[in-house]
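In: 3D model of this:
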Amino acid sequence: MLDHIAFIPDGNRRWARSRGVTIFEAYERGVSKIHEIVDHVVSNSIARYVTFYVLSLENVMNRSRLELNLIYNLLARELRKVREDESTYVKGIRVRVIGVREILPKHIVEEIELTEDATRRNEKCTVILAVAYSGVLEPIHVLARELRERGIERTLELLGNGKVSARFFTYLRDVPKPSIIVRTGGERRVSNFLLPHAPGTRLIFLDKYWPDITPEDVDLIVRKVPAT
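Out: Take a look at the predicted model:
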């Protein structure tokens with residue numbers, strides 16, 4: 001079993017153009033693929049943590065309001081579905097969301113918090129959704145939070161005592177670094193994803209678009225990059 005596998009599910013819009021379908025249909029299929037991959041990871045004990053890059057902070061700032069509302073509505077729907085589905089608890093799936101949630105609509109933050117709280121005690125596999133996420137800003141955002149909560153003197157003391165690593169100032173300081181980051185869609189870059197956690201991580205790039213990914217692709221990746 002891997003500690004952690006992460007996905008950049010890229011290519012939804014290009015898949016829509018190639019098939020002559022709407023972006024809504026592409027995102028719907030993309031969401032179903034996330035569920036399919038999570039089920040496969042959990043059912044086959046592939047990893048204890050699986051992370052998906054749902055929405056970058058840059059996307060929040062630059063995408064059209066129409067497309068953002070589509071993504072937000074899908075996210076809210078899926079968060080509700082997951083926490084209300086009995087199989088979530090039978091399978092032991094916990095949901096966590098990382099990112100600058102202060103920039104998200106209030107109703108999305110409420111859905112996130114409700115789902116995180118409802119699934120908090122599930123322990124078999126943690127599904128992490130990166131929403132309004134920036135790898136560059138992650139340490140700064142967490143440091144600002146620590147300053148608010150601890151105060152500057154206690155935070156400086158923590159920094160100066162040598163007992164914490166740089167990963168302490170990240171969203172996932174309690175989570176193992178990803179063994180593998182997989183990006184679909186043909187691009188050969190990580191696009192600001194999990195930068196504080198990526199040193200030493202194996203990068204896998206697939207030419208196929210995210211809506212076309214299969215559990216067999218995941219199996220092939222895992223076989224090629226065994227856990228260490």
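In: residues in contact with the nearest residue to Tyr72 once chain neighbours are set aside?
Out: Spatial nearest neighbour of Tyr72, chain neighbours left out: Ile108 (5.5 Å); criterion: C-beta to C-beta, 6 or more residues apart in numbering. All C-beta spots, glycine's among them, are computed from the backbone N, C-alpha and C. Ile108 sits next to Tyr72, Leu75, Ala76, Arg101, Val131 when contact means C-beta atoms under 8 Å, 6 or more residues apart in numbering.
In: buried set for the helix or strand of the chain with the lowest mean pLDDT?
Out: Across the helices and strands of the chain, mean pLDDT, DSSP states H and E gives its lowest value to helix 152-160, namely a mean of 76. By 16 or more other C-beta atoms under 10 Å, the buried positions in helix 152-160 come out as Thr155.
In: so what does that helix touch, helix or strand wise?
Out: Packing partners of helix 152-160 (3 or more C-beta pairs under 8 Å, 6 or more residues apart in numbering; DSSP states H and E): helix 138-150.
In: one step back: which SSE is the residue nearest to Tyr72 in?
Out: Per DSSP states H and E, Ile108 falls inside helix 106-118.
In: Quick one: mean pLDDT for that helix?
Out: In this model, helix 106-118 has an average pLDDT of 98.
In: All the helices of the protein, in order from the start?
Out: Remark: helices assigned in the chain by DSSP state H are 12-19, 23-43, 57-62, 65-84, 86-90, 106-118, 138-150, 152-160, 215-224.
In: TSV please, covering these and showing distance to His197.
Out: Listed next are these as TSV, based on distance: least, C-beta to C-beta, whole Å:
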stretch	distance to His197
helix 12-19	24
helix 23-43	18
helix 57-62	16
helix 65-84	22
helix 86-90	25
helix 106-118	20
helix 138-150	9
helix 152-160	19
helix 215-224	18
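In: And those, which one averages the lowest pLDDT?
Out: Among the helices of the chain, helix 152-160 carries the lowest mean pLDDT (a mean of 76).
In: which residues sit against that one?
Out: Leu143, Glu146, Leu147, Arg150, Val164, Phe168.
In: gap between that helix and the chain center?
Out: With C-alpha atoms, centre = their mean, to the nearest Å as the basis, helix 152-160 stands 30 Å off its chain's centre.
In: residues in contact with the nearest residue to Tyr209 once chain neighbours are set aside?
Out: Spatial nearest neighbour of Tyr209, excluding adjacent residues (C-beta to C-beta, 6+ apart): Gly11 at 3.1 Å. By C-beta under 8 Å, 6+ apart, Gly11 lies in contact with Thr184, Gly185, Gly186, Lys208, Tyr209, Trp210, Pro211.
In: Quick check: the gap between the second one and Val109.
Out: The spacing between Gly185 and Val109, counted by C-beta to C-beta, to the nearest Å, is 28 Å.
In: neighbour-wise, which of those two wins?
Out: Between Gly185 and Val109, Gly185 has the larger neighbour count (other C-beta atoms under 10 Å), namely 21 against 15.
In: wait, doesn't the more buried one sit right on Arg14?
Out: Yes. Shown here, Gly185 and Arg14 form a contact pair, counting by C-beta atoms under 8 Å, at 6.7 Å.
In: shared neighbours, these two?
Out: With C-beta under 8 Å, 6+ apart as the test, Gly185 and Arg14 both reach Tyr209.
In: The residue lying closest to Thr126 once chain neighbours are set aside: neighbour count?
Out: In this structure, Thr126 finds its nearest non-sequential neighbour in Arg94, 4.5 Å apart by C-beta to C-beta, 6+ apart. Neighbour count for Arg94, taken as other C-beta under 10 Å: 20.
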